[in-house]
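**Student:** Sequence and predicted structure below; questions after.
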Amino acid sequence: MRIEDTDQERSSADSLKAIYDSLKWLGFDYDEGPDKGGPHAPYIQSERLDLYKQKAKELVNRGFAYYCFCSEDRLKNLRAEQEANKLPPKYDGYCLNLSEEEVAERLASGMPFVIRQKIPAGRHLVLTDLIQGDVEFATDTLDDTVLLKSDGFPTYHLANVVDDIAMEISHVIRAVEWLPSLPKHILLYEALDHRPPQFAHIPLILDADKSKLSKRNGAKGILDLAQEGYIPAGVINALALLGWSPQKNGLEGSEVMSVEEIIKKFSLEAVQKSPAIFDEQKLLYFNAAHLRALSVDKYLKFWSNFDGRKNITKNAVAVVQDRAKTLAEASEIINALTDRYKKPSMKLLTKKEKNIKASEALKWWSALLVAQTNWSADFLRDTTIKELENARFNKSEYLWPLRVAITGQENSPEVFACMEFLGKDLSLDRLS
């Protein structure tokens with residue numbers, strides 16, 4: 001666990017807390033990190049500035065980087081000129097041609113500077129990516145990127161390469177947007193006399209309209225999903241299948257998988273190259289499947305923690321577990337049955353049969369149910385359905401007004417589960 005906070009404008013205490021809280025909610029643990037320590041501490045990049053400055057100066061001394069004193073105005077004018085001439089934006093190497101005396105003089109005067117990577121000319125690199133395959137780069141197309149900024153903070157390029165070496169990183173898995181930076185990083189590993197880790201550039205995640213998924217466009221974070229009543233297993237299952245599926249590994253089986261199953265089946269080689277489309281309906285599908293698979297006790301624990309009410313019962317779980325796609329929906333169903341119950345009127349009549357007298361059906365139910373001493377859903381269901389069949393009544397004509405009277409809704413969970421949850425007295429009161 002490494003906190004990359006060298007972009008001071010984007011880093012904040014809130015964003016750091018969101019990282020910790022998201023990982024904790026998902027159930028992801030790590031062996032080393034800022035809050036655990038370890039052999040590669042410190043694990044927050046802003047606490048490692050001396051190391052980055054040391055490595056940047058080492059690169060300068062060995063001829064792989066150089067001091068650049070160009071002002072913002074000069075760089076701005078350079079970009080404008082390149083755009084006008086339809087040239088790719090690229091530093092022109094002006095400070096690369098400064099003599100040692102000129103560099104020493106400017107440093108001694110306290111003139112602001114950055115340190116830039118010196119990209120070698122005329123090289124052709126063929127690099128192997130675990131997902132993208134072999135990718136080729138010509139160094140003449142690369143920019144002399146900034147490694148150390150004027151405020152003493154490193155850029156991503158320097159900090160991550162230095163830390164990957166120091167922390168003995170074996171695999172770097174990141175978005176395909178970073179693929180154009182790969183040759184710069186490989187050259188830095190080479191300059192620091194270190195064998196690079198294996199790289200895997202994963203496809204972007206797109207929204208349903210094929211735009212890039214981002215918070216600016218309304219995409220949700222992990223903690224947003226937690227607040228909406230999703231559970232970790234459902235979210236992890238949906239995320240794992242963005243750009244990967246076990247079928248690509250030649251494995252059969254359901255897409256609904258536990259974390260342990262995903263770990264067992266996953267391989268980077270089976271991740272697709274093309275962008276993945278995030279589908280919130282699939283997320284709901286996986287979340288509902290994992291909710292249904294929970295034991296009643298685990299469901300109660302998740303639901304109580306989400307809802308905050310301590311009086312949620314196992315009877316309530318029986319009402320919602322097969323129906324609710326999220327814990328928020330579970331609470332919504334229970335609220336609709338209790339706090340927001342409305343006495344129905346014309347809803348009591350079925351859509352197909354307008355002639356049935358709902359009052360006759362409800363009187364029949366009342367007479368039958370008042371005598372019942374066992375009020376479990378299973379017993380009520382078995383007993384009353386047999387009575388309906390013996391009386392040769394139309395099931396839909398008789399069950400419809402019962403459902404609407406008990407729940408106040410046309411679409412509701414199974415009516416007998418609702419009756420067990422509400423209890424005999426309240427159920428009979430609604431019937432009457």
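**Tutor:** The structure has been received and is ready for your questions. Numbers count the residues shown, from 1 in each chain.

**Student:** Return the set of buried residues in stretch 56-65.
**Tutor:** Within stretch 56-65, the residues that qualify as buried are 56, 59, 60, 64, 65, counting by 16 or more other C-beta atoms under 10 Å. (C-beta placed from N, C-alpha, C; glycine too.)

**Student:** List the residues that contact the residue nearest to the last one when sequence neighbours are not counted.
**Tutor:** In space, not counting the residues next to it along the chain, residue 65 is nearest to residue 59; the distance is 3.8 Å by C-beta to C-beta, 6 or more residues apart in numbering. With contacts defined as C-beta atoms under 8 Å, 6 or more residues apart in numbering, residue 59 is in contact with 65, 115, 117, 147, 188, 191, 192.

**Student:** tell me which element the fifth one is part of?
**Tutor:** It refers to residue 188. helix 182-191 (DSSP states H and E).

**Student:** Look up how far residue 133 lies from residue 269.
**Tutor:** 10 Å (C-beta to C-beta, to the nearest Å).

**Student:** how about the strands in the stretch 151-300 of the chain?
**Tutor:** 171-175, 198-202, 205-206, 276-277 (DSSP state E, counting those that start in this stretch).

**Student:** out of the ones you listed, deepest packed?
**Tutor:** strand 198-202 (a mean of 19; mean count of other C-beta atoms under 10 Å).

**Student:** Mind exporting the C-alpha coordinates of that one to CSV?
**Tutor:** The C-alpha trace of strand 198-202 is given here as CSV (Å, rounded to 0.1, in the frame of the first residue of the first chain):
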residue,chain,number,x,y,z
GLN,A,198,6.5,-6.6,-15.7
PHE,A,199,3.9,-4.2,-17.0
ALA,A,200,0.2,-4.7,-17.7
HIS,A,201,-1.8,-1.8,-19.2
ILE,A,202,-5.5,-2.6,-18.6
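
**Student:** Provide the contact partners of that strand at residue level.
**Tutor:** With C-beta under 8 Å, 6+ apart as the criterion, strand 198-202 contacts 127, 129-132, 170-176, 178-179, 182, 243, 268, 271.

**Student:** hmm, 6 Å instead?
**Tutor:** 129, 130, 131, 132, 171, 172, 173, 176, 179, 268, 271 (C-beta atoms under 6 Å, 6 or more residues apart in numbering).

**Student:** okay, these in TSV with distance to residue 347 and pLDDT next?
**Tutor:** Shown next, in TSV, are the contacts of strand 198-202 (distance: C-beta to C-beta, whole Å; pLDDT from 0 to 100):
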residue	distance to residue 347	pLDDT
129	60	96
130	58	95
131	54	94
132	57	94
171	59	97
172	59	97
173	54	97
176	53	95
179	58	97
268	54	90
271	50	93
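
**Student:** now those: which count as buried?
**Tutor:** Looks like the contacts of strand 198-202 have 129, 130, 131, 132, 172, 176, 179, 271 buried, using 16+ other C-beta under 10 Å.

**Student:** Would you map out the domains in the protein?
**Tutor:** As assigned by automatic domain parsing, the chain contains the domains 48-202, 215-292, 295-337, 346-431.

**Student:** Kindly reformat the ones you listed as TSV containing distance to residue 29.
**Tutor:** Putting the domains of the chain into TSV (distance: least, C-beta to C-beta, whole Å) gives the following:
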stretch	distance to residue 29
domain 48-202	18
domain 215-292	12
domain 295-337	19
domain 346-431	36
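
**Student:** So which of those domains is nearest residue 24?
**Tutor:** Nearest to residue 24, of all these, is domain 215-292, at 9.9 Å by C-beta to C-beta.

**Student:** Please state the offset of the closest one from the chain centre?
**Tutor:** Here domain 215-292 shows a centroid-to-chain-centroid distance of 9 Å under the convention C-alpha atoms, centre = their mean, to the nearest Å.

**Student:** repeat for stretch 391-402
**Tutor:** That offset, for stretch 391-402, works out to 46 Å (C-alpha atoms, centre = their mean).

**Student:** again with stretch 13-22
**Tutor:** With C-alpha atoms, centre = their mean, you get 14 Å for stretch 13-22.

**Student:** can you tell me which two in the contacts of residue 59 are farthest apart?
**Tutor:** 115 and 192 (14.0 Å).

**Student:** ok, and the closest non-adjacent residue to residue 219?
**Tutor:** Residue 219 sits nearest to residue 213 (C-beta to C-beta, 6+ apart), 4.7 Å away.

**Student:** Kindly apply the preceding question to residue 364 instead.
**Tutor:** residue 398 (7.1 Å).
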